[in-house]
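1. The following block contains a protein sequence and its predicted model.
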Amino acid sequence: MDPANVRAQFARFRRFRVLVIGRANAGKITLLQRVCNTTDSPEVFDERGNKVPHLSCNQRGCHDIENELVFRSNPGFIFHDSCGFESGSVKELEDMKMFVTGRSVTTKLGNRIHAIW
């Protein structure tokens, strides 16, 4: 792909949105910290852009897939946490499918999921 074309496409939206999928407590946030070259926790924002207070929660079901995780070191990326999947669990999978489906039909390119990792 031509780098100039890639830059032109990125110019259409200011932030790149990534859904991160994996098992609960598999280290998704730790991996994102490495990618973003930081040890800081991400700032969390709800769907309306309001900052969500930091929750010290290490148990399943604590995250909301709709919340946006943004690292100060890389504000051009918005991450969404899949909340983790457990063997035999259907709810988390259904929530993720609804999230992806909803984001795929939005008319605003910046609100779509640009990558699933």
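-> Perfect, I can see it now. Computed from a predicted structure; not experimentally measured.
2. the strands in the protein, which residues?
-> Taking DSSP state E, the strands of the chain run over residues 16-20, 43-45, 68-71, 74-81, 115-116.
3. Kindly reformat those strands as CSV and extend each row with mean pLDDT, distance to residue 31 and mean neighbour count.
-> Placement of C-beta: from N, CA and C, glycine included. CSV is the format used below for the strands of the chain (pLDDT from 0 to 100; distance: least, C-beta to C-beta, whole Å; neighbours: other C-beta atoms under 10 Å):
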stretch, mean pLDDT, distance to residue 31, mean neighbour count
strand 16-20, 92, 8, 18
strand 43-45, 94, 17, 16
strand 68-71, 95, 12, 20
strand 74-81, 92, 10, 19
strand 115-116, 90, 14, 12
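4. how about those strands in JSON lines, adding distance to residue 51?
-> Formatted as JSON lines, those follow (distance: least, C-beta to C-beta, whole Å):
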{"stretch": "strand 16-20", "distance to residue 51": "18"}
{"stretch": "strand 43-45", "distance to residue 51": "6"}
{"stretch": "strand 68-71", "distance to residue 51": "10"}
{"stretch": "strand 74-81", "distance to residue 51": "14"}
{"stretch": "strand 115-116", "distance to residue 51": "24"}
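5. just so I know, which of the ones you listed lies nearest residue 52?
-> strand 43-45 (4.2 Å; C-beta to C-beta).
6. Using PDB, write out every CA atom in stretch 72-82.
-> Output of stretch 72-82 as PDB, limited to C-alpha atoms (Å, rounded to 0.1, in the frame of the first residue of the first chain):
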ATOM      1  CA  ARG A  72      -1.400   9.700  27.300                       C
ATOM      2  CA  SER A  73       1.800   8.500  25.500                       C
ATOM      3  CA  ASN A  74      -0.300   7.700  22.400                       C
ATOM      4  CA  PRO A  75      -3.500   9.800  22.300                       C
ATOM      5  CA  GLY A  76      -4.000   8.900  18.600                       C
ATOM      6  CA  PHE A  77      -5.200   5.500  19.500                       C
ATOM      7  CA  ILE A  78      -8.400   4.500  21.200                       C
ATOM      8  CA  PHE A  79      -8.600   1.000  22.600                       C
ATOM      9  CA  HIS A  80     -11.600  -1.000  23.700                       C
ATOM     10  CA  ASP A  81     -11.200  -3.900  26.100                       C
ATOM     11  CA  SER A  82     -13.300  -7.000  25.200                       C
END
